[in-house]
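Novice: Using only what follows, build the 3D model:
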Amino acid sequence: MAKVIHTMIRVIDLDKSLRFYADVLDLHEAHRLDFPDFALVYLRNPENDVELELTLNKGREEAYTHGTGYGHIGVIVADAAVTHAALLAKGYEPAGVKEFKRGDELLARFFFIQDPDGYKIELLERHGHYQ
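Specialist: Okay, the predicted model is just below:
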């Protein structure tokens, strides 16, 4: 059986990305592989078995394109409104909190934020399917 261990995104400013992921998702460096032309930095926290790999291609200044296939990374938070307010207080600009319903049934409460390289992250309140 396969086990998902990480997902990778390319970043332009590694320090800025490390600060963002620590502030927003409480993900911190767990392992680093540094080579002359590139660096791989794996982020995690105690809640996760899966890591986020940040790849820095040294010397690149041009922003990466995300194409038409990339969607977002989904994460769970205890309370979407509280997390949203905390990110606003830290100076970030998350999109508004939304609710996804089927009739009167709440399926999800969530909001999106973008990292320094424009990758979208969906923060979903722990509820129903999203545990």
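Novice: in this structure, which spans are strands?
Specialist: Under the criterion DSSP state E, the chain contains strands at 6-11, 28-34, 38-44, 51-57, 73-77, 98-102, 105-114, 120-125.
Novice: Any idea which of those gets closest to G67?
Specialist: strand 6-11 (12.1 Å; Cβ to Cβ). Where C-beta positions appear, they are placed from N, C-alpha and C, glycine not excepted.
Novice: Of all the strands of the chain, which one is nearest G91?
Specialist: Proximity to G91 (Cβ to Cβ) singles out strand 105-114 among the strands of the chain, at 11.9 Å.
Novice: ok, that closest one: who's next to it in the sheet?
Specialist: Using DSSP bridges, the strands paired with strand 105-114 in its sheet are strand 98-102 (antiparallel), strand 120-125 (antiparallel).
Novice: Dump the shortest one to PDB, restricted to CA.
Specialist: Read that as strand 98-102. The C-alpha trace of strand 98-102 is given here as PDB (Å, rounded to 0.1, in the frame of the first residue of the first chain):
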ATOM      1  CA  LYS A  98     -17.500  31.200   3.700                       C
ATOM      2  CA  GLU A  99     -20.000  28.400   4.400                       C
ATOM      3  CA  PHE A 100     -20.800  25.600   2.000                       C
ATOM      4  CA  LYS A 101     -24.300  24.200   2.600                       C
ATOM      5  CA  ARG A 102     -26.700  21.600   1.100                       C
END
